[in-house]
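# fold the following.
(chains A and B, ligands or ions: 2)
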2 protein chains.
Amino acid sequence: MANINENYLNLQGSYLFADIAKKVADYQAAHADADIIRLGIGDVTLPLVPAVIDAMSKAVQEMGKAETFRGYGPEQGYDFLRQAIIDGDYKPLGIKIAPDEVFVSDGAKSDVGNIQELFSEDNIIAITDPVYPVYLDSNVMGGRTGEAVDGIFQKVVYLPTSAENNFSPEFPTEHVDIVYLCSPNNPTGTVLSRTRLAEWINWCKENDVILMFDSAYEAFISTDDTVHSIYEIEGAREVAIEFRSFSKTAGFTGTRCAYAVVPKEITGKTKSGERQALNPMWNRRQCTKFNGVPYIIQRGAEAVYTKEGREQTRTNIAYYKENARIIKEGLESIGLTVYGGVDAPYIWLKTPENMTSWELFDILLEKVQIVSTPGSGFGPHGEGYLRLTSFGSRENTIRAVERIKTLQF
Amino acid sequence: MANINENYLNLQGSYLFADIAKKVADYQAAHADADIIRLGIGDVTLPLVPAVIDAMSKAVQEMGKAETFRGYGPEQGYDFLRQAIIDGDYKPLGIKIAPDEVFVSDGAKSDVGNIQELFSEDNIIAITDPVYPVYLDSNVMGGRTGEAVDGIFQKVVYLPTSAENNFSPEFPTEHVDIVYLCSPNNPTGTVLSRTRLAEWINWCKENDVILMFDSAYEAFISTDDTVHSIYEIEGAREVAIEFRSFSKTAGFTGTRCAYAVVPKEITGKTKSGERQALNPMWNRRQCTKFNGVPYIIQRGAEAVYTKEGREQTRTNIAYYKENARIIKEGLESIGLTVYGGVDAPYIWLKTPENMTSWELFDILLEKVQIVSTPGSGFGPHGEGYLRLTSFGSRENTIRAVERIKTLQF
Ligand SMILES: Cc1ncc(COP(=O)(O)O)c(C=O)c1O
Ligand SMILES: Cc1ncc(COP(=O)(O)O)c(C=O)c1O
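Ligands and ions are numbered 1, 2, ... in the order given. So this is what the prediction gives:
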């Protein structure tokens, strides 16, 4: 009689995008010729850049010839990619990362979901509210959260993040062992400042807390003095694991490549009080339950770091960033309050007149046929906000803003 | 203070392939011009077939154009691939599988490693001895095995599998909740008969045991009346999860695609005695911690099921199977006892004269420069056996056999 992992029963339904899809479908059914513009989903739309396409085309051909065919590769990723990551993402920042601290994977979702396996069930985790749901759900499955009462997990420490604290959460006041931070942030589109991140690293060191630093939107940073890696902060190697992804950097959402950096200094504790390095634990985890990223895809990711790849992906990011500017400035021009959208592809719109997130969602859908994401879907402190994304086409983005401008609040 | 998952400390070192590599490197250092033939590792060598290469080339081009670009796909795999799997692997056997029972993944290693998450820590697992190590190691990490004493985990039920029982393990006599079976088997190269699998399914039903059925080498089956899917057996949908992979079927070891079938009938129990279906649990697991297989790769996997893809991959399998026959018959011709090699790419050689696995390994390396895998590396009951693989080139396979024939035992 196999007993199930009953922690799964504590998971809350993840109906956000299903609910949105249903509302949109219902609307469309009732208004057959409605011209709906989708600014809801956090997925890229521009095609892969030529440098990546060329590299993958070449790699596909290699796989078809005996002399260049590749079978199982290293679970941690090919050296060519680990080195390209170090040379491209860390060396320019003056950060020293060793190749065996870089673990190439099929996605930041996998990595941030799987990393909690390295820890015992009794750790207390802190997440921001609102939040990218994987940090929470993976810990629910891992038994670290207890049950939810009215959607709030009893053992989780929630860090409210809203305009009230300038989207920079306070340190937890209760005991925590592991903190998840995401900067640039999904869903708020805001970043944590260098100063604040330095305070976090200090706080983590003082309190022996591990920081899971999700930097999936790093490529969107343009503000001076915003850190591009947590390891720009002194001491971060002792407490922080960094997650990066090619999904938003290079349009790899359907191509699947990411990486985690697990520095050798970072440790957890055993019950008997000994320190145990996490790097060999993650290595063992990956070698046991993962067989590596496809060779073809790794060659594509490598190409992101070539001169052409860099220029081409930067052009795409600039395109999305310009969309974000158009949305932000357009909404501001009619007196709406918006956050984010500068160092991230997300615009976090404060609902006017104390509307709920869903009320504003409905207005945008019904009055101007725009699909957004209600902030309350990301956590209680997302209530009163709405997420718009800059991943649409320029044309649709401009049309969407013009439509919103016709609304009277 | 983050506490680590101390179950990781119970993991045994996985030194088998590292030890082999060291011995080979040492030998090569001492014999610079030695012409070493590698028949040790379970990795394919023939390039991907043209149908797969063409499909992936096309998919790469699609990813480079706005009209055909794909972002995030369904976590469970694209419908086109799920349907191709059903039509290609199940319909011809008269088996009904619904698309939402098929979960496309990046590898059977991931799937057989991750599936244990659905179960509580107190389940008792049974594995064969010898065994593909992932079943065991993933459960060690999951806390289901206890500590190892002399390499034997105290809570695990081992099912000895050797020539003594015709490589068909007995049912466990003690209580177990989950059994892992692999047929065609790695490392023994043998298959379980239809009759025996039917007995297993009955036994699982009677004892409320879940069967994890790893069928990664299904494509190598040629013996009449050997089942190609566990669901050929009546009642299997209620107790068995099936794991399949394109790795050995179509040379995808470095291309990464596999799938698991989780029928809707299969359930585990909650502590309060209710039945909980595993299909929605696995769906939730995959949606939370996985973002799908690359579109390009899924198109490659789909092409395996086209007329050309089938013919071309069958030709490759036939090539490896002919190698297996050459090894098997060659060794038998000098009086050695070999198992497997008919429905699998592995030949399981009984060491002559009560040699240990490593003793025979050393002889093959030093006297005839052939790399093999000592059976004892796969578990205590692998002692006295040696694994040879048929994944080498025809030429090397023939030369290896000729060399072995020169040995006097
Ligand atoms: C904050 C954050 N982290 C991670 C991910 C997952 O990225 P990947 O596509 O690499 O799995 C996302 C994707 O939406 C995200 O928003
Ligand atoms: C029995 C068995 N299952 C699963 C796997 C892993 O296959 P994949 O390449 O799909 O991860 C292997 C690979 O060696 C294997 O021998």
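
# now the helices for chain A?
Per DSSP state H, chain A carries helices over the ranges A:16-30, A:50-63, A:79-85, A:108-114, A:134-141, A:194-207, A:246-249, A:278-289, A:295-303, A:307-333, A:357-368, A:394-405.

# contacts for the third one?
Okay, so that is helix A:79-85. A:76, A:99, A:102, A:104, A:259, A:298, A:301-302, A:305 (CB atoms under 8 Å, 6 or more residues apart in numbering or on different chains). Yep, even glycine has a C-beta here, placed from its N, CA and C like the rest.

# how about it, does it reach ligand 1?
No - if you take CB under 6 Å from any ligand atom as the test, helix A:79-85 misses ligand 1, and the best it gets is 14.0 Å.

# buried set for that helix?
A:81-82, A:84-85 (16 or more other CB atoms under 10 Å in any protein chain shown).

# tell me how far that helix lies from the chain's centre.
Remark: helix A:79-85 is offset 22 Å from the chain centroid, using CA atoms, centre = their mean, to the nearest Å.

# what bridges to A:Y259?
A:V104, A:R244 (DSSP bridges).

# list the contacts of it.
Neighbours of A:Y259 in contact, by CB under 8 Å, 6+ apart: A:77, A:85, A:102-105, A:111, A:243-245.

# just the closest of the buried residues of helix A:79-85 to B:I127, please.
Nearest to B:I127 among these, counting by CB to CB, is A:R82 at 33.2 Å.

# give me the pLDDT value at that closest one.
pLDDT for A:R82: 98.

# tell me how many other residues surround A:I326.
Using other CB atoms under 10 Å in any protein chain shown, A:I326 has 18 neighbouring residues.

# who touches it in this structure?
Per CB under 8 Å, 6+ apart, neighbours of A:I326: A:394, A:397-398, A:401.

# hmm, back to that, let's have the contacts of A:Y259 in CSV, adding distance to A:D35.
As requested, those are exported to CSV (distance: CB to CB, whole Å):
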residue, distance to A:D35
A:G77, 44
A:I85, 42
A:V102, 45
A:F103, 44
A:V104, 42
A:S105, 39
A:D111, 39
A:F243, 38
A:R244, 37
A:S245, 32
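
# so which residues on chain A come close to ligand 1?
A:42, A:107-109, A:112, A:132, A:182, A:186, A:214, A:216, A:245, A:247, A:253, A:258.

# make CSV out of the residues you listed and add distance to A:H228 and neighbour count.
Formatted as CSV, the entries for the residues of chain A next to ligand 1 read as follows, by distance: CB to CB, whole Å; neighbours: other CB atoms under 10 Å in any protein chain shown:
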residue, distance to A:H228, neighbour count
A:G42, 20, 21
A:G107, 20, 26
A:A108, 16, 25
A:K109, 21, 26
A:V112, 19, 25
A:Y132, 19, 22
A:C182, 14, 26
A:N186, 17, 24
A:D214, 14, 26
A:A216, 13, 27
A:S245, 14, 29
A:S247, 17, 26
A:T253, 21, 24
A:A258, 16, 25
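
# would you reformat those residues as JSON lines and include distance to chain B?
Compiled in JSON lines, the residues of chain A next to ligand 1 are given as follows (distance: CB to the nearest CB, whole Å):
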{"residue": "A:G42", "distance to chain B": "9"}
{"residue": "A:G107", "distance to chain B": "4"}
{"residue": "A:A108", "distance to chain B": "8"}
{"residue": "A:K109", "distance to chain B": "5"}
{"residue": "A:V112", "distance to chain B": "9"}
{"residue": "A:Y132", "distance to chain B": "12"}
{"residue": "A:C182", "distance to chain B": "16"}
{"residue": "A:N186", "distance to chain B": "14"}
{"residue": "A:D214", "distance to chain B": "14"}
{"residue": "A:A216", "distance to chain B": "11"}
{"residue": "A:S245", "distance to chain B": "9"}
{"residue": "A:S247", "distance to chain B": "8"}
{"residue": "A:T253", "distance to chain B": "4"}
{"residue": "A:A258", "distance to chain B": "9"}
